[in-house]
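Peer 1: Compute the structure for the input listed below.
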Amino acid sequence: MGLRLLRIKILFVVVIGLLAAVLTPVPASMGARTTLPIAQFAAASAARTQQPQAATQAAATQAAAAAHGAQLLALARRWHRHHPPRHGHGHPSPSPSPSTAPSPSTAPSASPSAMPSASPTAAPSPSTAPSASPTASPSPAPPPVQEVDCALIVPANPLSARGLATPWQLTEDGTGPCAESNPGDSAFVEAAVFDPATGQVSAYDPLVVDRGASPAVAPTVPTLPAGAVVGIWIGYNGDNITLRGPGSQACVNGVGDSIFGQNAFCNATAFFAAANRAIAAGKLMPPALGTGRDGRTCPTVRDFSVVDQDQSDNTTTKYLVTADGRLAQNTPANLAALTGAKVATNGSDEGLLARAIDGALGCTPWTVPDLADTTHQQKITSWPLNELMAAAHQAPPAALVPAGDPFVFDGDQPSLAKLNAYRAGVGQPTVGSLAQADTRTYCRNLLRTGLARIAADRRFTQAAASPFPADASNLFNFLAFRFNQTFSNDDGFLHCEQLLGVRNPVQLRMTDGVVTGAVIDLNPGPAAPPPNPRDMKNR
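Peer 2: Below you'll find the model as predicted:
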C-alpha cells in the first residue's frame with residue numbers, strides 16, 4: 001500500500017504542475033508568444049477548417065478561368081482556322097510557354113523610351129489565394145483540332161478569258177473530304193483585269209466547284225481588253241490550300257515546300273506593276289478615302305484598326321450556293337434564276353473592311369465593273385483594289401505584313417523569302433531584312449494607333465451587326481475579340497504582350513461562348529510575371 005500511495009502523490013504533483021503551467025500568465029515581454037496553448041490549438045483548428053474552403057474557392061476560380069480561356073480558344077479556331085498553327089506547312093510550332101517563346105521578329109529590342117507608358121498601379125495585384133487543393137482535378141487540355149487541308153486544281157491558262165471561265169476544282173488533300181458548299185472547306189478566287197489602253201481596272205470572280213461537279217450555272221466568259229494584265233488571288237476558309245493542276249505553275253503558293261496557308265497569288269506582281277505605273281502617270285486614280293461618321297479619314301486595309309496577326313489576307317469574293325450544294329457566280333441574273341440560293345463568303349480582312357467596317361463608319365469601298373455580269377450593271381470590289389487604295393492614301397503609320405505574321409513562317413521561324421513573296425502578292429514593298437519588318441514596332445502601332453480608333457469608334461461599330469454572330473454579338477465586340485487574340489502570346493498570334501512587356505489591353509466578357517462585351521485599357525500595365533516554377537510544382 002505504501003508504494004501505491006507514493007505513486008498517487010507523484011501523479012497528483014505532476015497534474016498540479018501542468019495546470020499551473022497552463023494557467024499562469026505569460027509576461028507581455030514575450031510579445032507574439034503570449035498566446036496560450038489552448039488558444040493556439042483553437043486557431044490551428046480553425047485554420048484547418050478554412051483550408052478546404054479556400055482550396056475549393058481557388059479551384060472554382062481556376063475552373064472559371066479555364067472555361068473562359070477554352071471559350072476564347074474555340075472562338076479563335078472558328079474565326080482563324082490557322083490557330084493553332086499548322087506545322088506541316090511552314091507555320092510556327094507551339095512555344096513551351098509565353099515567357100520562353102522565341103520572338104517572332106529578329107529585330108533588336110526597342111529602347112525603354114519607345115515602349116508604351118504603363119502605370120505600375122494599373123497592374124493587377126498578385127493573387128493571395130492559397131493554392132488549390134492537391135486533390136482538385138486540373139483543367140483538361142483542349143482537344144486537338146483536325147486540320148482542314150484541301151487542294152485546288154487550277155485550270156490551264158488561268159489568266160486567259162477561257163481559263164477564267166473554267167471552274168477551279170476543290171479536292172481533298174489527305175485530311176478528309178472537301179466540299180465547296182461547306183463553309184469550313186470553301187475556297188474563293190478573284191481576278192483583277194488591267195486595261196493598258198485606258199488605264200482602268202475591272203474585276204471577275206472565277207468559280208470554284210467540287211472536283212468532277214458541274215456548276216449550277218455555267219460561268220460567264222469575260223471579254224478581256226487587248227493586252228490585258230490579269231492577276232488572280234486565292235483565299236480559303238480552312239487551314240491550308242495547295243494549288244495543283246495544269247495552271248498552278250503560273251501561281252505563287254508559298255516558297256518551296258512551305259506554303260502560305262490560306263492564300264495564293266497568280267501573276268499578282270505583274271498586275272500591281274502595271275497598275276502602279278498607271279497611277280504614277282495619272283491614268284488610274286484610286287478614289288479618295290472620304291470622311292467617316294467619326295469625323296476621321298476612312299480606314300484602309302493597312303490601317304492598324306483594321307489589321308490582325310495576318311493582315312491583307314483572303315478575298316472579297318461571293319458565290320451563290322444552291323440547296324443541293326451547287327455553285328454559281330454571284331450575278332444579278334444568277335441570283336434571280338437560283339431561287340433560295342445562299343451567298344457564300346470568304347472570311348477575310350479585305351471583306352471585313354468592305355462589308356462591315358466601311359458600312360458602320362459610312363465609308364465606301366472602291367468598286368469596278370464585274371465582267372461576269374452580262375447586264376454590265378454590277379460593280380464589285382476586290383482584294384487588289386483594297387491594296388491599291390491603301391497604298392495611295394493610307395496615312396502613316398501604314399500597316400505592312402510583319403515578320404511575325406504566321407503566314408510567312410517556315411517551320412518555327414520567320415522566312416525573309418516568304419515574307420517578301422507574300423508582300424509582293426499584295427502589292428507591298430519588299431525588305432532586305434526581317435528587322436525592317438519588325439513585329440515589335442507593329443505591336444506598338446496596334447496598341448497606340450489601332451486600338452485607340454477601335455475604342456473611339458465604339459458607338460458606331462456597337463450599333464452594327466456582327467460579321468460572325470456565333471462569335472460576337474456586334475461588330476465592336478468582334479473587333480475587340482479579334483484584337484485580343486492578335487495581341488496575345490498564344491501560338492499563331494503576334495506575342496505582343498511579350499514583345500512590349502504589357503498586359504493584353506482588351507478583356508472580354510463571354511456569354512454562352514459568344515463575346516458580349518469588352519473593356520479596353522489604352523494604357524495597360526506591365527505584363528504579369530511568369531509563374532514561379534516552385535509554385536507550379538506544388539499545384
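
Peer 1: Can you show me the strands along the stretch 151-300 of the chain?
Peer 2: With DSSP state E, counting those that start in this stretch as the criterion, the stretch 151-300 of the chain has strands at 168-172, 187-195, 200-204, 208-210, 229-236, 240-244, 251-252, 254-255, 258-259, 264-266.

Peer 1: Sorry, wrong one. I was asking about the stretch 301-450 of the chain.
Peer 2: Secondary structure of the stretch 301-450 of the chain by DSSP E, counting those that start in this stretch: the strands cover 318-321, 327-329, 342-345, 368-369, 379-380, 409-410, 413-414.

Peer 1: re earlier: nearest to Leu500 among the strands of the stretch 151-300 of the chain would be which one?
Peer 2: strand 258-259 (28.2 Å; Cβ to Cβ). Any C-beta I mention is one placed from the backbone N, CA and C, and that applies to glycine too.

Peer 1: What strands flank the closest one, and is each parallel or antiparallel?
Peer 2: strand 254-255 (antiparallel) (DSSP bridges).

Peer 1: Spatially nearest residue to Asn267, not counting backbone neighbours?
Peer 2: Closest residue in space to Asn267, ignoring its immediate chain neighbours: Gly231 at 5.0 Å, by Cβ to Cβ, 6 or more residues apart in numbering.

Peer 1: ok, what's across the strand from the one you found?
Peer 2: Where Gly231 sits in a bridge, its partners, by DSSP bridges, are Ala192.

Peer 1: pLDDT weak spots in the stretch 401-539 of the chain?
Peer 2: 530-539 (pLDDT under 70).

Peer 1: returning to what we had before: output the strands of the stretch 151-300 of the chain in JSON lines, with distance to Leu338 and mean neighbour count appended to each entry.
Peer 2: Formatted as JSON lines, the strands of the stretch 151-300 of the chain follow (distance: least, Cβ to Cβ, whole Å; neighbours: other Cβ atoms under 10 Å):
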{"stretch": "strand 168-172", "distance to Leu338": "19", "mean neighbour count": "20"}
{"stretch": "strand 187-195", "distance to Leu338": "18", "mean neighbour count": "25"}
{"stretch": "strand 200-204", "distance to Leu338": "19", "mean neighbour count": "23"}
{"stretch": "strand 208-210", "distance to Leu338": "14", "mean neighbour count": "21"}
{"stretch": "strand 229-236", "distance to Leu338": "23", "mean neighbour count": "26"}
{"stretch": "strand 240-244", "distance to Leu338": "26", "mean neighbour count": "22"}
{"stretch": "strand 251-252", "distance to Leu338": "30", "mean neighbour count": "21"}
{"stretch": "strand 254-255", "distance to Leu338": "35", "mean neighbour count": "22"}
{"stretch": "strand 258-259", "distance to Leu338": "33", "mean neighbour count": "22"}
{"stretch": "strand 264-266", "distance to Leu338": "28", "mean neighbour count": "25"}
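
Peer 1: need those in a markdown table with mean pLDDT and distance to Ile520, can you?
Peer 2: Compiled in a markdown table, the strands of the stretch 151-300 of the chain are given as follows (pLDDT from 0 to 100; distance: least, Cβ to Cβ, whole Å):
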| stretch | mean pLDDT | distance to Ile520 |
| --- | --- | --- |
| strand 168-172 | 97 | 40 |
| strand 187-195 | 98 | 32 |
| strand 200-204 | 98 | 36 |
| strand 208-210 | 98 | 38 |
| strand 229-236 | 98 | 29 |
| strand 240-244 | 97 | 33 |
| strand 251-252 | 98 | 38 |
| strand 254-255 | 97 | 36 |
| strand 258-259 | 97 | 35 |
| strand 264-266 | 98 | 35 |
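
Peer 1: Select, out of those strands, the one closest to Lys283.
Peer 2: Nearest of those to Lys283, taken as Cβ to Cβ: strand 200-204 at 8.1 Å.

Peer 1: Which secondary structure elements does that closest one sit against?
Peer 2: If you count contacts as 3 or more Cβ pairs under 8 Å, 6 or more residues apart in numbering; DSSP states H and E, strand 200-204 packs onto strand 187-195, strand 368-369.

Peer 1: Which one of those lies nearest to Gln462?
Peer 2: Nearest of those (Cβ to Cβ): strand 187-195, 29.1 Å.

Peer 1: elements contacting the closest one?
Peer 2: strand 168-172, strand 200-204, strand 208-210, strand 229-236, helix 268-280, helix 383-393.

Peer 1: give me that answer again for 7 Å
Peer 2: strand 200-204, strand 208-210, strand 229-236, helix 268-280, helix 383-393 (3 or more Cβ pairs under 7 Å, 6 or more residues apart in numbering; DSSP states H and E).

Peer 1: Could you list the residues in contact with it?
Peer 2: Outside strand 187-195, the residues within contact range by Cβ atoms under 7 Å, 6 or more residues apart in numbering are 150, 152, 164, 168, 170, 180, 201-206, 208, 224-225, 228-236, 241, 271, 274-275, 315-317, 346, 371, 382-385.

Peer 1: before we move on, the earlier item: just say which of the strands of the stretch 301-450 of the chain is most tucked in.
Peer 2: Mean neighbour count (mean count of other Cβ atoms under 10 Å) peaks for strand 327-329 among the strands of the stretch 301-450 of the chain, with a mean of 25.

Peer 1: partner strands of that one, parallel or antiparallel?
Peer 2: For strand 327-329, pairing defined by DSSP bridges yields strand 318-321 (antiparallel).
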